[in-house]
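> Sequence below, structure please.
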Amino acid sequence: EDKKENYYDRREIIIEIDDGNYIFACQTGKKITKISNIGEIIWSKEAKEGLQIGSITKAKDGGFLLGGYIHTSCAVVTGGHSEVIKYNKDGEEEKVLKEVLTKDIEASKEGQSIEIGELIQTQDNGILITGKIQGAYGFTVKYNQSLEIEWKSWLGDNNWNIIRTALETSDGSILIGGYF
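Prediction:
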């Protein structure tokens, strides 16, 4: 039998945090690990049940933000959703900042699952999320500090469009990259 490898099964995420150590996770690995700058494990925590990790970024307070998709056990797509979760520097979950529902992107796509490609905390303490709506297009959503939508945009009109990465420039502009 010819088995295809899933790109997401191999995706690993590692970021350097302000204390000079690293946060490491594998998208399907179910663990979040803090590693010292010489490779020693400082702590390792279980990710939230059912979470498929999409992105991790450092938060301005020394902790980090994690974005991912929560799978449900039923076959109906409407049960799943994406979340942004705030963790402190010790890897303890502080709160779910935002359940990123597709209605935030476009009402006509409500009920379809989304994949988070990139998550960044912006200079104004907002959150920028990029990714893809299944079977549709790539998206970028900017939330303000109060987690209200400031702006949103999308690109493409088929299953092959995904915004995988984003960068905020020093003047607050946003650069995006992905597959289009």
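> Would you mind measuring from the nearest residue to residue 143 once chain neighbours are set aside to residue 41?
In space, and not counting its chain neighbours, residue 143 is closest to residue 127: 4.7 Å by CB to CB, 6 or more residues apart in numbering. Just so you know, the C-beta spots here come from the backbone N, C-alpha and C atoms, and that holds for glycine as well. Distance, residue 127 to residue 41, by CB to CB, to the nearest Å: 28 Å.
> higher neighbour count, the two?
Neighbour totals were compared for residue 127 and residue 41, and residue 127 leads with 24 against 10 (other CB atoms under 10 Å).
> Could you pull out the buried residues of the helix or strand hosting residue 177?
Applying DSSP states H and E as the criterion places residue 177 in strand 174-179. Residues of strand 174-179 classed as buried: 174, 176, 178 (neighbour count, 16 or more other CB atoms under 10 Å).
> Please look at the residue nearest to residue 143 and residue 97 and confirm they touch.
Yes - between residue 127 and residue 97 there is a contact under CB atoms under 8 Å: 6.9 Å.
> Find the residues that touch each one of these two.
Residues touching both residue 127 and residue 97 (CB atoms under 8 Å, 6 or more residues apart in numbering): 65, 84, 147.
> Most neighbours out of those residues, which is it?
residue 84 (24 neighbours).
> what about it, distance to residue 97?
Residue 84 is 5 Å from residue 97, by CB to CB.
> Touching both of these two, which residues are there?
65, 127.
> re earlier: so which other helices or strands are in contact with the strand holding residue 177?
With contacts defined as 3 or more CB pairs under 8 Å, 6 or more residues apart in numbering; DSSP states H and E, strand 174-179 has these neighbours: strand 127-133, strand 138-143, strand 162-168.
> Repeat the analysis, applying 10 Å as the threshold.
Helices and strands touching strand 174-179, by 3 or more CB pairs under 10 Å, 6 or more residues apart in numbering; DSSP states H and E, are strand 114-121, strand 127-133, strand 138-143, strand 149-155, strand 162-168.
> Could I get the full set of strands for this protein?
12-16, 22-26, 31-35, 41-46, 51-58, 64-70, 81-87, 93-100, 114-121, 127-133, 138-143, 149-155, 162-168, 174-179 (DSSP state E).
> which ones are touching the residue nearest the centre of the chain?
Most central residue of the chain, judged by C-alpha distance to the mean C-alpha position with CA atoms, centre = their mean, is residue 67 at 3.0 Å. By CB atoms under 10 Å, 6 or more residues apart in numbering, the residues touching residue 67 are 51, 53-57, 82-85, 97-98, 100, 115-120, 127, 129-131.
> quick one: it from residue 161, how far?
Note on residue 67: its distance to residue 161, by CB to CB, is 19 Å.
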